[in-house]
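> Task: produce atomic coordinates for the following.
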Amino acid sequence: MSLDAILAAHKDLSRRGFFTRTVKAAGIALFWEKYGDRLFGQTVSKTDPAAVIAAMGNIIIPIDDDPGYASFEPGITKYTMGSFIPQVMLGGDPFLLSGINSVIQAFNDLPPVIGYSTNTFLQMSEFAQSAYYGSVLAGGFENYGTQDVMFLAAFVGLFATKGVFFSNYPNHLATPGAEFQVVPASKIKTGWEIIGFKGPVGQAEEAQLRAKYKDHTVLPGMDPNNPYI
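This next block holds a predicted model:
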């Protein structure tokens, strides 16, 4: 794994407007200089990025009175890692994906390396995982010189797991060729149901809207009722 891949992934996510000053390329370069050889130099990390993302998802959207991220395992993480992160977030670039996988592995492997804990992220209890993850999001590792890499991984986990869960996984894909999208009933409460989103306009609702506005008069030009003009 190269520093260039991590920097390229950071640049791409910054360009897409996910963050600006929160993660700094200089901080990533300093991290690599201090920890690159220890994490990536002699051996390839055996950490599975998917397992790290799954653990993050469990923290970000826990199971409580409603289903959480882990309620839809293993399919939800497979989709997050196989489609959402590489395609939606990174535009299908395998070089960028290699950089993101590296920072996710580093997120797991770093706690014993920097003396934060004797355990890696995946070895921690759920309570300790939550505390570690929260500290990263709060900027608690600036003095370790690892904050920028840790936050990059934490942000990807936060954005991707929420993005997939609240896209109504596993009923998130449209029916090809269908004029109206009908969300299938689910045996388990999905993200849309949790946030109260009713889904796309159906045939009956469209007919009601067309009837309601059939004789509606549309005036050309400026709207005199608009308070902003």
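> Quick check: longest helix in this protein by residues?
In the chain, assigned by DSSP state H, the helix with the most residues is helix 94-114.
> chain center to that one: distance?
For helix 94-114, the separation from the chain centroid amounts to 15 Å (computed by Cα atoms, centre = their mean, to the nearest Å).
> residues in contact with P200?
F180, Q181, V183 (Cβ atoms under 8 Å, 6 or more residues apart in numbering). Backbone N, C-alpha and C define where each C-beta goes, glycine included.
> Which positions within the longest helix of the chain qualify as buried?
96-111, 114 (16 or more other Cβ atoms under 10 Å).
> Just give the number of residues close to the closest residue to K11 other than its chain neighbours.
Ranked by Cβ to Cβ, 6 or more residues apart in numbering and with sequence neighbours excluded, the top spatial neighbour of K11 is A25, at 7.2 Å. Neighbour count of A25, defined by other Cβ atoms under 10 Å: 13.
> From what I see, A25 and I6 are in contact.
No. The criterion here is Cβ atoms under 8 Å, and A25 misses it with I6 at 9.3 Å.
> on that earlier part again, for the longest helix of the chain, which helices and strands make contact with it?
Here helix 94-114 touches helix 3-15, helix 25-36, helix 49-60, helix 147-165, going by 3 or more Cβ pairs under 8 Å, 6 or more residues apart in numbering; DSSP states H and E.
> CA-only coordinates of the last one in PDB, if you can.
These are the backbone C-alpha positions of helix 147-165, laid out as PDB (Å, rounded to 0.1, in the frame of the first residue of the first chain):
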ATOM      1  CA  GLN A 147      -6.100  12.000  13.900                       C
ATOM      2  CA  ASP A 148      -6.400  12.700  10.200                       C
ATOM      3  CA  VAL A 149      -6.100   9.100   9.100                       C
ATOM      4  CA  MET A 150      -8.400   7.900  11.900                       C
ATOM      5  CA  PHE A 151     -11.000  10.500  11.100                       C
ATOM      6  CA  LEU A 152     -10.900   9.700   7.400                       C
ATOM      7  CA  ALA A 153     -11.700   6.100   8.200                       C
ATOM      8  CA  ALA A 154     -14.300   7.100  10.800                       C
ATOM      9  CA  PHE A 155     -16.000   9.500   8.300                       C
ATOM     10  CA  VAL A 156     -16.200   6.800   5.600                       C
ATOM     11  CA  GLY A 157     -17.800   4.400   8.100                       C
ATOM     12  CA  LEU A 158     -20.200   7.100   9.300                       C
ATOM     13  CA  PHE A 159     -21.300   8.200   5.900                       C
ATOM     14  CA  ALA A 160     -21.500   4.800   4.200                       C
ATOM     15  CA  THR A 161     -23.300   2.900   7.000                       C
ATOM     16  CA  LYS A 162     -25.900   5.700   7.400                       C
ATOM     17  CA  GLY A 163     -26.200   6.100   3.600                       C
ATOM     18  CA  VAL A 164     -27.000   2.500   3.100                       C
ATOM     19  CA  PHE A 165     -29.200   1.900   6.100                       C
END
